[in-house]
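Q: The sequence and its predicted three-dimensional model are supplied below.
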Amino acid sequence: MALRSPVFGEAWQNDIATAAANTAYAVMRGEPTVNGAIELARNAMAATSRLAAGLLARAPSGAVACRAGCDHCCYQSVGVTPPEALAIADHLKTTLPDAQLARVTRHVSECHEKTRALPSAERFSPDHPCPFLEAGRCAVYEVRPLSCRGMNSLDAGECATRLRDPEARAAFLARGLGGRSFMEPIRASQAISAGLQLSLSELFRLDMRPLELTAAMHLLLTGPESLADAWLRGQRPFEPARGADRGKDPGLGEPIEALGLAPGRDP
Ligand code: SF4
């Protein structure tokens, strides 16, 4: 498959999105399944981490401020695609003992109750940590979302100030996205996510509109197992997990018919 027209301004991002779309098509070829979607998400997660590591290796020594235990970026609304959400739910259900899974599910639901009506700007707050943040570390690190893998700050002090100082936070939110981050890994994660979204929405007609992580996990951990099958049938069972400001979230949303057959390639 090839892009009919560029999705990103930078050619390297379009190349990555095209490669991700082709990988997604190869993994999901035939009848899409829940296991295929989970495999696809895990492939995308691994590819994003590999790309981010390669890009970070080119940064000047000491430039990237992120360290284990530094969690300032884990207090905000996080966007995920349905396959990522399915992979995280599967990870929790297959690795946690029943009692621990019940505890995590309760905690996710409590966080969801507190945040379900809040737009993204109000989610960026020390009052609303990600439900998977435990003692400064990510409890789902192995399957953390693509956007979490792309985030790398150049100034941890600035991250702390803009989260915890109300004036700095208001100024940051008024300016929109920004801050001193290493942008290439973020752009790489966006390109891989775009390839995933394009492939599944345009080739398989699956609803790939982005979800809000806490809401999606609440839905998958407390809802019926049949949710994933309904999604594979082209229905929209994840609509309740779109987040409070669903109109503003990043992502490609509805199919934009950007993918086409590359010359000489079979579908
Ligand atoms: S999933 Fe993990 S890395 Fe991402 S915001 Fe939550 S705790 Fe942080």
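A: It's in.
Q: CA only for contacts and neighbour counts going forward, please
A: Will do.
Q: what's the spacing between His218 and Leu118?
A: As judged by Cα to Cα, to the nearest Å, His218 and Leu118 stand 15 Å apart.
Q: These two: who's more crowded?
A: His218 (22 against 15; other Cα atoms under 10 Å).
Q: So the more buried one belongs to a strand, correct?
A: No: membership of His218 in a strand is not supported by DSSP: H, G, I helix; E, B strand; the rest coil, which gives helix.
Q: backbone phi and psi for the most centrally placed residue in the chain, please?
A: The residue lying closest to the centre of the chain (Cα atoms, centre = their mean) is Val80, at 3.2 Å. Note on Val80: its backbone torsions stand at phi -140, psi 150 [degrees, to the nearest 10].
Q: Ala228 contacts Gly36, correct?
A: No: counting by Cα atoms under 8 Å, Ala228 sits too far from Gly36 to count as a contact (11.6 Å).
Q: Which one of those two is surrounded by more residues?
A: Ala228 (20 against 16).
Q: Which helix or strand contains the more buried one?
A: helix 226-232 (DSSP states H and E).
Q: any residues touching that helix, and which ones?
A: For helix 226-232, the external contacting residues (Cα atoms under 8 Å, 6 or more residues apart in numbering) are 32-34, 86, 206-207, 220, 236-238.
Q: if you set the cut-off to 7 Å instead, what comes out?
A: 32-34, 206, 237 (Cα atoms under 7 Å, 6 or more residues apart in numbering).
Q: Please spell out which residues along it are buried.
A: Buried residues in helix 226-232, counted by 16 or more other Cα atoms under 10 Å: 227-228, 231-232.
Q: show me where the protein has strands.
A: Listed in chain order, the strands of the chain (DSSP state E) span 2-3, 79-80, 133-134, 137-138, 211-212, 259-260.
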